[in-house]
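1. Sequence first, predicted model second:
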Number of protein chains: 4
Amino acid sequence: MPRYCLKAVCPDRPGIVAAVAEALASKGGNILDLAQHTVVERSLFLLRAVVEAPAPIQNFESTAAKLSMRFELHDLAKRPKVAILVSKTAHCLYELLLKHEDGHLPCEFSSVIGNHSDLESVASHFKLPFHHVPVASGAEGQAQHEAKIQEILSASGVELVVLARYMRVLTPSFVKQWDSRVLNIHHGFLPAFSGARPYAQAWDKGVKIIGATAHFATAELDAGPIVAQDVLHVSDRSSVEELSDLGKDVERQVLVRALKTVLEHRVFVEGGRTFILD
Amino acid sequence: MPRYCLKAVCPDRPGIVAAVAEALASKGGNILDLAQHTVVERSLFLLRAVVEAPAPIQNFESTAAKLSMRFELHDLAKRPKVAILVSKTAHCLYELLLKHEDGHLPCEFSSVIGNHSDLESVASHFKLPFHHVPVASGAEGQAQHEAKIQEILSASGVELVVLARYMRVLTPSFVKQWDSRVLNIHHGFLPAFSGARPYAQAWDKGVKIIGATAHFATAELDAGPIVAQDVLHVSDRSSVEELSDLGKDVERQVLVRALKTVLEHRVFVEGGRTFILD
Amino acid sequence: MPRYCLKAVCPDRPGIVAAVAEALASKGGNILDLAQHTVVERSLFLLRAVVEAPAPIQNFESTAAKLSMRFELHDLAKRPKVAILVSKTAHCLYELLLKHEDGHLPCEFSSVIGNHSDLESVASHFKLPFHHVPVASGAEGQAQHEAKIQEILSASGVELVVLARYMRVLTPSFVKQWDSRVLNIHHGFLPAFSGARPYAQAWDKGVKIIGATAHFATAELDAGPIVAQDVLHVSDRSSVEELSDLGKDVERQVLVRALKTVLEHRVFVEGGRTFILD
Amino acid sequence: MPRYCLKAVCPDRPGIVAAVAEALASKGGNILDLAQHTVVERSLFLLRAVVEAPAPIQNFESTAAKLSMRFELHDLAKRPKVAILVSKTAHCLYELLLKHEDGHLPCEFSSVIGNHSDLESVASHFKLPFHHVPVASGAEGQAQHEAKIQEILSASGVELVVLARYMRVLTPSFVKQWDSRVLNIHHGFLPAFSGARPYAQAWDKGVKIIGATAHFATAELDAGPIVAQDVLHVSDRSSVEELSDLGKDVERQVLVRALKTVLEHRVFVEGGRTFILD
């Protein structure tokens, strides 16, 4: 039987679960997995439900309207199109493609776009189109670069963009257009070590742990809502290069975990931060 | 407003969430946190909900009956009475009492019962009654020991027993009477290293990780349903004594985490294993 | 046979291990555990060795002088005196005293000093003297407070001070006098969230991990050399209070791990950061 | 300057480090990193040293003979040849090849050998020869299979074999010939869940953690000396398939970590278990 995922947010009040569950049951929907949490600090009701139903769930709008509820209803058989932006570093790209091949990521990768052409053979190996979109110098160059990317994304109906160690800063206008739909991996444990060379910063401080952060891109660099984070204990015998080498493991894993979480419709962005419903 | 926790299990079918939520809402209940999961392999519906309601939720039985549902409804203001059984080792006992003092464990400790008197001063420091219940030799001695313990538990209305490195094997008849209500900490990563001297076994094998397992006691030694587990990476420079010393940290943490999970009504024991709803 | 620990630092060049080992062997010393690392980036030779020897190792100075080596030679039977400074929060103090009681920390706690008297009964329970040293208002008050603490430390021959959630900022002059001998626990993952209310900062950012950092106190707040760090994954269902509650576990563990590392003579402070030899 | 790695084992007695370091220094060797540990329980002296020296270190035999020392001296510029055996599952193979491409694994992969041909394209993508060595039925078939593998290994001077989810049991005679030189990944946390279908065993038990173990193959199945282990916390919402999917991450990481540890000459196999010197 087809499965659907409902994601819903509204101001808290009694009876919301009953109203939602009744609306689903009236269409023959059987809830298989439900997570609901009220952020009491903000009177914010959050709900995610996986439902088995004989047909697409219709007319949910009327239920939602009564509750001032924003919602999304996803047919889990339809896999969103995702584009991957890269530069020269392969480990995050490989991880995304391998995990996808293993059936771990419920999406369809439409293409890989690189400001360099180094990773073309990786895309080919996984039978994905690769677009080399180089960048001319200056603000004008970046604008043309982004316009070309936008063109590719639009042409293939992309819904989500993953920056897999894409080493350029996107302009605020691009980021705004793709609000909460550009997932970036920062190779540091944010908010510590934002900006460039986080591993060198970490070595100088003698930190005992390095980490990585996946977050939605926002106009402010490395400050967008955090989707996933993890860390690794490191030895003081490690050089900056070894920290960077070790850090790759955390980066690729955090990025894939974040993408999976987004694709499973578990991420709510509210008031500048995320709430994840596991 | 008072809060209640509903824990419910029944065979899966459509409409259960709606029926339950409707029953709660009809009493003015506001669901603050809900976790529902269907174990598809077993057509088993599991639900845990925290509800805010103006008055105790009554007449839930009729809803449950229609769904062939087993359920528990707990007033979260009432804290269950828990007894702690110990021998000579202090670390798990301290951890339980300290975490309780910090407000981390929603229960009331009624007493500490020891087959030795070594830990009496610890109980006193935390203003808890201590019962020294020594054991005479032989099966007869154990029977008398357990009868005396049972008497203490009954007298104080204990609902749950925690074995905090209590180093004796309880008889099947005692365990059966307290089915799924005796929480034990095993100082090994079960099912590996069951039985005695797990750290020596681990050293001989040269394992790189040691662990601890909190489980409900059953008639079969160290084989009851698992509630919590964790591990620790260890160095091969460690002696058996050092492994044992390090292991204490995992033991006490796993025990407290397990107890908290039980007290928060998150643990379902079904078909010989647990399902935890976070 | 008595055991000694040698800790040595010098500029790198060939033959240092041979010279050191020869000096130790010539006194009948048997090396049981040796860790040596050269920080190639800084041509810095670091060595830690545990040695079994029939008598105290003497005349090591001449070997060291030839190598421009700074060194410490510790008789492992002699346990350094350590003072603990506290305010009102008990979890770090308990952890230090319990781990010490278990034989996990090779030191002698001389006393507990509090700017409040709340934790006096904890010290008493572990049979330790407690000094209540209140603070009058203003810079003058802090100066008198520190003078009194200094007096207590001097009177009992204290070699190391542990700040176990002592909630005051020590003056630069005090810190300087105790350079690399005041160990602090910061309840945040430094350098992120330095300063006050790190858990509230973390909640606002929606971080998925919280942490704690043990570091030597320096004149610059929360910026001293890091000795140990650890983190914990947290759920977005947690409130600030729950984060703070969960964070206590990391804090106490990181503090004890840091203290143990210092007491085992594994921590080298060089160029503003630490190098730990495991 | 060339670097060498010395790995040495002998009965403990005073003066070994001095003798070894002196022998190295007399050839102009500069020790950059040294780890020494005495397993006191067994009077066993273990040492690993990385040495920078103007020329290959010669005549170490005489020093070793005086100490009844077994030793290996490796030129770190020479990379041992390693063969990878696979079946149909790609994740461990990819991980080995990707980490190698990143410079993380100091070896040369000579070839990939599969009892099935499914992974040929993966080997090709990384420009490695692939040998399809099918297995005819019966003991005879296995013998011919192993003879063919042996032929390939001999022809290319292979020193170490990695079983990257190679799903066949090697015969004792093969394993004996390659004693401590066949590294296997078991997709369970040994000694728990040895044998087949560990994830199904884990689900039935309701374990909260799954793990993987890399070990040297011995005649007894899944019981050889352990080189690396790690675990992952899992949710009770996971099916057997999801556990298996999640487990892949641990498997590939543990296998690569184990291989790196072996290639860095850190693994001592003594008395049926390993000792790792970090």
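-> Arrived safely, thanks for sending. Numbers count the residues shown, from 1 in each chain, chains lettered A, B, ... in the order given.

2. Check which residues of stretch A:179-192 are buried.
-> Across stretch A:179-192, burial judged by 16 or more other Cβ atoms under 10 Å in any protein chain shown covers A:180-192. In short, each C-beta sits where N, CA and C put it, glycine included.

3. quick one: stretch A:101-108 to chain centroid distance?
-> Offset of stretch A:101-108 from its chain centre (Cα atoms, centre = their mean, to the nearest Å): 14 Å.

4. Residues contacting it, please?
-> Under the contact criterion Cβ atoms under 8 Å, 6 or more residues apart in numbering or on different chains, stretch A:101-108 has outside partners A:76, A:79-82, A:96, A:99-100, A:126, A:160, A:256, A:259-260, A:263-264, D:90-91, D:245, D:248.

5. Contacts only, for the closest residue to residue A:66 other than its chain neighbours.
-> Of all residues not flanking residue A:66 in the chain, residue A:19 sits nearest, at 7.2 Å (Cβ to Cβ, 6 or more residues apart in numbering or on different chains). Residue A:19 makes contact with A:63, A:66, A:67, according to Cβ under 8 Å, 6+ apart.

6. For residue A:19, identify the helix or strand it belongs to.
-> Secondary structure assignment for residue A:19, by DSSP states H and E: helix A:16-25.

7. what's the angle from that helix to helix B:16-25?
-> 150 degrees (axes from the mean of the first three to the mean of the last three Cα atoms, to 10 degrees).

8. So for helix A:16-25, what gets flagged as buried?
-> Residues A:16, A:17, A:18, A:19, A:20, A:21, A:22, A:23, A:24, A:25 are the ones in helix A:16-25 that count as buried (16+ other Cβ under 10 Å).

9. Also stretch A:55-62?
-> Neighbour-count burial for stretch A:55-62 flags A:57, A:60 (criterion: 16+ other Cβ under 10 Å).

10. Residues in contact with that stretch: which ones?
-> With contacts defined as Cβ under 8 Å, 6+ apart, stretch A:55-62 is touched by A:2, A:4, A:6, A:23, A:24, A:27, A:28, A:29, A:51, A:71, A:73, A:75.

11. my read: the first one touches residue A:53, true?
-> Just to be clear, that refers to residue A:2. Yes - counting by Cβ atoms under 8 Å, residue A:53 is a contact partner of residue A:2 at 6.4 Å.

12. Need the max-distance pair from the buried residues of helix A:16-25.
-> A:16 and A:25 (14.7 Å; Cβ to Cβ).

13. Can you report how many residues lie near the residue in the stretch 51-200 of chain A positioned nearest to chain B?
-> The nearest approach of the stretch 51-200 of chain A to chain B comes at residue A:52, 8.2 Å away (Cβ to the nearest Cβ). Using other Cβ atoms under 10 Å in any protein chain shown, residue A:52 has 19 neighbouring residues.

14. Neighbour count: residue A:2 and residue A:53, which is higher?
-> Comparing residue A:2 with residue A:53 by other Cβ under 10 Å, the one with more neighbours is residue A:53, at 19 against 13.

15. so what's the more buried one closest to, chain neighbours aside?
-> Among residues not flanking residue A:53 along the chain, residue A:29 sits closest, at 4.0 Å (Cβ to Cβ, 6+ apart).

16. same thing with residue A:216?
-> Excluding the flanking residues, the one nearest residue A:216 by Cβ to Cβ, 6+ apart is residue A:224, at 4.4 Å.

17. And for residue A:233?
-> The shortest distance from residue A:233 to any non-neighbouring residue, by Cβ to Cβ, 6+ apart, is to residue A:209 (5.7 Å).

18. cool, residue A:190 as well?
-> Take residue A:190 and drop its neighbours on the chain: the residue closest to it by Cβ to Cβ, 6+ apart is residue A:213, 4.1 Å away.
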